[in-house]
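Novice: Curious how this folds, go ahead:
(2 chains)
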2 protein chains.
Amino acid sequence: MQPNLIQHIKKYIELNDEQTQLVLANIKPISIKKKSYLLEEGQICSSLYFVEKGCLRFFFINEKGTEQITQFAIENWWISDYMSFDTQSPSQFYIQAIENTVVYVFDYHNQEKVFSQLPQLERYFRLILLKAYSAAQMRIKYLFDFSKEESYQHFASRFPEFVQRIPQYMLASHLNLTPEYLSEIRKKTD
Amino acid sequence: MQPNLIQHIKKYIELNDEQTQLVLANIKPISIKKKSYLLEEGQICSSLYFVEKGCLRFFFINEKGTEQITQFAIENWWISDYMSFDTQSPSQFYIQAIENTVVYVFDYHNQEKVFSQLPQLERYFRLILLKAYSAAQMRIKYLFDFSKEESYQHFASRFPEFVQRIPQYMLASHLNLTPEYLSEIRKKTD
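Specialist: All right, here's what the predicted structure looks like:
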C-alpha cells in the first residue's frame, strides 16, 4: 500500500514510479507524540505538513491568555501557517498534535528544488490551495452569518469524524463557545 | 505600457513576448459600469477576475436581508467565488463594481487549455492562492481576536487606499460595524 500522501497526490496529478520515489525522497515522514508541537508562536514556520495519520490542532493564544483553535487537521489534510511559511517571518500560531501523529514534511528550503524536478507538483499545490482558500472564503461567511447553534450544526454535518474524535473542549474553542454551551446544544440537537 | 495583469504575472514568473500574447489571447478584459454585477447569488461563478482598474465588492445577503461585505478588490487583485468556481455549483455571493471597472476574465472552461499551453501559469496561480489563503488564515484569526476598534485600526493601517476610496457604509459592513459606530471610531482614532 502506498502512503496516503502518494494516493492523495495521485488524485490530482499523475506520478510514475520514479516520480513517486522523488516525492518520497524529498517529502519525508516524522512521528510526533500527542501534545508535542510542530510550530510555536514566534518561530518561523519551516514546512507544509501533510497528516498521514493522526490529528493536529492549529491555534493562537488570545489577549486573555486563552487558546483559540481556528483549525484542525486529520488524515489527508495539509496544514501550515502559510503566512509565516511564505514570508519566513515569526508565526502567531501553534500547531500541536492531539493524537500520536505521523506527518509528511515539505520543507521551505527544499521546495524550489522539488518544483523544478517535478513541475506537476505546482499543479497539485495550486489545486490544494484553491480548495483551502475556497473553504476559507466560506468560513469567513459563516463567521459573519451563523448563530452559535448553526455553527455547531454545520460543523457536525460537514465533519462528523471530528466531532467523534476531538475532545469536547477543543471543539468548543474552535466554535468560539463555552464547553457548557456546546454541551447544551449537543443535548438538544444530536 | 503593458497591462497591470501582465506586469503582475511577471512579478512571479517569466513571460516572453509570445507567451504574453498567449495570456492576452485567453484572459481578456471587459469594462463594467459602477453598480453592475459580475456574479449574483444562485449563479455559477464562471471566472477568476483580475482588477485592471477600478474596485469591486464581494458580499452575501444575510438572514436579515442585509448585505454583508466580506472582501473588496482593487487594482492587481484577483477575486472570485472560488468554491462556486472550483465545483461549478451555485454561488452564495455577489460580486459588484463600486466604480467603473476593467477586469481581465480567466474563464473556467478555458483554464485547462491555457495551463497546458503555459504550464508556468500553474506556478503563478499557486503563488497567488498561497498569498490569498495565508491572508485568509490571518483574517480568521482577527475575526476571533480583534475588538471592533482594533478591526478598524488594522484595516486602516493595512489598506489605507481602501479607507479613502470606499463609501463609509460599505467599510462599516465589511468590519461588521454600524456606520454610526465606525464614524465614532474614526473621529477618535484618525
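Novice: From here on, just use CA atoms for contacts and neighbour counts.
Specialist: Noted.
Novice: Just the element for the residue in chain A that chain B sits nearest to, please.
Specialist: The nearest approach of chain A to chain B comes at A:Arg126, 4.1 Å away (Cα to the nearest Cα). Counting by DSSP states H and E, the element that carries A:Arg126 is helix A:120-145.
Novice: need the contact list for the closest residue to the residue of chain A closest to chain B other than its chain neighbours.
Specialist: Ranked by Cα to Cα, 6 or more residues apart in numbering or on different chains and with sequence neighbours excluded, the top spatial neighbour of A:Arg126 is B:Arg126, at 4.1 Å. Residues near B:Arg126 by Cα atoms under 8 Å, 6 or more residues apart in numbering or on different chains: A:Glu122, A:Arg123, A:Phe125, A:Arg126, A:Leu127, A:Leu129.
Novice: Kindly tell me how buried the last one is, as a neighbour count.
Specialist: The number of residues packed near A:Leu129 is 23, by other Cα atoms under 10 Å in any protein chain shown.
Novice: Now do the same for it: its pLDDT.
Specialist: A:Leu129 carries a pLDDT value of 98.
Novice: got it, and the one 3 residues further on?
Specialist: In the predicted model, A:Ala132 carries a pLDDT score of 97.
Novice: so who does it touch?
Specialist: A:Ala132 sits next to B:Tyr133 when contact means Cα under 8 Å, 6+ apart.
Novice: What of A:Asp145?
Specialist: Residues near A:Asp145 by Cα under 8 Å, 6+ apart: B:Asn62, B:Glu63.
Novice: near chain B, which residues of chain A show up?
Specialist: Residues of chain A lying close to chain B by Cα under 8 Å from any Cα of the partner chain are A:60, A:62-63, A:68, A:70, A:81-83, A:86, A:122-123, A:125-127, A:129-138, A:140-141, A:143-145, A:176.
Novice: Show the buried residues in those residues.
Specialist: A:60, A:68, A:70, A:81-83, A:86, A:122-123, A:125-127, A:129-138, A:140-141, A:143-145, A:176 (16 or more other Cα atoms under 10 Å in any protein chain shown).
Novice: quick one: the helix holding A:Arg126 to chain centroid distance?
Specialist: 12 Å (Cα atoms, centre = their mean, to the nearest Å).
Novice: Helix A:120-145 and the helix or strand just after it, what's the angle between them?
Specialist: Next along the chain after helix A:120-145, taking DSSP H and E as the criterion, comes helix A:148-158. Here the directions of helix A:148-158 and helix A:120-145 differ by 150 degrees (axes from the mean of the first three to the mean of the last three Cα atoms, to 10 degrees).
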